[in-house]
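1. From the sequence below, what's the structure:
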Amino acid sequence: MKLTARTFAVLLGTALLTGSANAADIRVEPGPEALVRAVVLARPGDRLVLSPGAYNGGIVLTKPVELMGDGKAHVVGTGSGSVITIDAPDVVIDGLRLTGSGSSHETIDSGVQMTRNATRAIVRNSHIEGNLYGVDIHGARDARVEGNTIIGGDDRLMSRRGNGVYVWNAPGATVSGNTIRQGRDGIFVNTSRKNTFTDNRFEGLRFAIHYMNADDSEVSGNISIGNHLGYAIMFSKRVTIRDNISLDDRDHGIMLNYANNAVIEGNAVVGGGEKCLFVYNANKNMIRGNRIEGCEIGIHFTGGSARNEITGNAFVGNRTQIKFVSTRDHVWSGNYWSDHAAYDVNGDGIADQAFRPNDAMDQVLWTQPSAKLLLGSPAVQLVRWAQSEFPALLPGGIVDDQPLMKPHALPETARKWKESLQ
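-> Residues are numbered from 1 along each chain as shown. Predicted coordinates:
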């Protein structure tokens, strides 16, 4: 290419004003160093419009520019470091295919890496595949990652892969509308706050969303399918987890570990995982209006969790609805239990008898799993009959004093996904 990118654009008459006297739309044609030269020659505010074809990556953007590819421009990294590094505010990457990062966790080699100078950076509508990390938001405030397809590598053990989107100390970051597959964690956020993760789809991962020390954030409208764990909220405060779906996640649908003052509402956890909801040393959380269905254990409370409010949930078809060892009663009000043989004489929608999801035999089975061989024996049936006739024999545990007669329906989106997987 003999002409510089700027001269070529001027000769074609494509220069346009874009917010300042010098900003322009610049057409860039494929070539070994075409993108590198265009980035060097670009002025703040310029929009580099990449024609279909391949371009060398390993570039660093130190000026507020836009790179537009319309889905047909392929930026190929050098196999070392990140494909594109953003080190300036207000950069936009739109419609690019990005491959070929390095493989170092130490330098977080990524399809796109944002430094702390990348305030308000945007990565959207791009296909980011085969890189160690998809997008690394490393200290950049108010960054946005939206509408991308991010596919990690599968050439190493899952624990040694990178994350689809890594958020570190990046207040205000928004990750929305992405499809993320085949890495370690879909979104891993650490030491951050005020982040929003919405309407993403996750498959083939360890965790769909993984929180560590990240407060005052929102996780809503996401879909996790067939991952080891759906939504893991750990060592964080005031996180809202609303209207998410977990389907066939292997270990847990939602896990709260040292998570406090969270709101978990309107979620649907469906599928044959070990635990739909696992709550470990998590306190003062509101858990309401969730559908918890088809797991080995519906909800497992352990590790000193206290002062949580659990109401309006539907526990449907779990082999064990609750695992919660206690020497005293804990009252939950207004949940539905599919194994509660209830009646409602006055028709107010609330069962006329309180419900205890667990009995003494459940506690024996939790501590002595081999005792399951005796479940059908007359002795076990006699113990359970005696407890039903003489409630004073029941151990401490969960008591729902106003159990519901009907569950709320499975959300339409979750129902359709469930049907598509059957």
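2. pLDDT below threshold where in the stretch 51-200 of the chain?
-> Judged against pLDDT under 70, the stretch 51-200 of the chain has no low-scoring part.
3. what about 80?
-> Applying pLDDT under 80 to the stretch 51-200 of the chain flags residues 155-156.
4. Now do the helices in it.
-> Using DSSP state H, counting those that start in this stretch, no helices are found in the stretch 51-200 of the chain.
5. domain assignment for this structure?
-> Domain segmentation of the chain under automatic domain parsing yields 70-359+398-421, 360-394.
6. buried ones in stretch 399-416?
-> Using 16 or more other Cβ atoms under 10 Å as the test for burial, stretch 399-416 gives 399-400, 402-404, 407, 410-411, 414. In this view, the C-beta of every residue, glycine as well, is placed from N, C-alpha and C.
7. Extract the C-alpha trace of the top strand by length along the chain and format it as CSV.
-> Selection of the longest strand in the chain by residue count, based on DSSP state E, yields strand 66-76. C-alpha atoms of strand 66-76 as CSV (Å, rounded to 0.1, in the frame of the first residue of the first chain):
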residue,chain,number,x,y,z
GLU,A,66,-13.1,3.9,16.6
LEU,A,67,-12.3,0.7,14.8
MET,A,68,-15.2,-0.5,12.7
GLY,A,69,-15.3,-3.9,10.9
ASP,A,70,-18.9,-4.7,10.0
GLY,A,71,-18.1,-8.3,11.1
LYS,A,72,-15.8,-9.0,8.1
ALA,A,73,-12.5,-7.5,9.3
HIS,A,74,-10.2,-10.0,11.0
VAL,A,75,-7.5,-8.8,13.3
VAL,A,76,-4.9,-11.5,14.0
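8. neighbouring contacts of stretch 255-268?
-> 211, 229, 231-246, 253-254, 277-291, 293, 305, 410-411, 414 (Cβ atoms under 8 Å, 6 or more residues apart in numbering).
9. Just the pLDDT at Glu29, thanks.
-> pLDDT, Glu29: 96.
10. That one contacts Ala54, doesn't it?
-> No: between Glu29 and Ala54 there is no contact under Cβ atoms under 8 Å: 11.3 Å.
11. Show the buried residues in the contacts of stretch 255-268.
-> 211, 229, 231-234, 236-237, 239-246, 253-254, 277-280, 282-283, 285, 287-291, 293, 305, 410-411, 414.
12. Can you tell me which of these end up in helices?
-> Ala414 (DSSP state H).
13. can you pull out the helices in the stretch 251-400 of the chain?
-> Chain-ordered helices for the stretch 251-400 of the chain, with DSSP H, counting those that start in this stretch as the definition, fall at 360-367, 378-389.
14. quick one on the thing from earlier: I'd like the domains of the chain laid out as JSON lines, including distance to Ala42.
-> Formatted as JSON lines, the domains of the chain follow (distance: least, Cβ to Cβ, whole Å):
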{"stretch": "domain 70-359+398-421", "distance to Ala42": "11"}
{"stretch": "domain 360-394", "distance to Ala42": "64"}
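15. Quick check: which of these is buried the most?
-> Comparing the domains of the chain by mean neighbour count (mean count of other Cβ atoms under 10 Å), domain 70-359+398-421 ranks first with a mean of 21.
16. rewinding a little: give me the subset of the contacts of stretch 255-268 lying in strands.
-> Reading strands off the contacts of stretch 255-268 with DSSP E, I get 211, 229, 231-234, 240-242, 245-246, 253-254, 277-280, 286-288, 291, 293.
17. Test my guess that Ser82 contacts Asp136.
-> Yes: here Ser82 lies in contact with Asp136, judged by Cβ under 8 Å, at a distance of 7.4 Å.
18. Now the common contact residues for those two.
-> 108, 110, 112-113.
19. hang on, the earlier thing: next, the residues that contact the longest strand of the chain from outside, please.
-> With contact meaning Cβ under 8 Å, 6+ apart, strand 66-76 is reached by 30, 35, 46-57, 59, 61, 83-84, 91-100, 125-127.
20. try it again with 6 Å
-> 47-50, 52, 54-55, 57, 83, 92-100 (Cβ atoms under 6 Å, 6 or more residues apart in numbering).
21. Parallel or antiparallel, list what pairs with it.
-> strand 47-50 (parallel), strand 53-56 (parallel), strand 92-99 (parallel) (DSSP bridges).
22. I'd like those as a markdown table, with distance to Gly204 appended.
-> Output for the strands paired with strand 66-76, formatted as a markdown table (distance: least, Cβ to Cβ, whole Å):
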| stretch | distance to Gly204 |
| --- | --- |
| strand 47-50 | 30 |
| strand 53-56 | 27 |
| strand 92-99 | 18 |
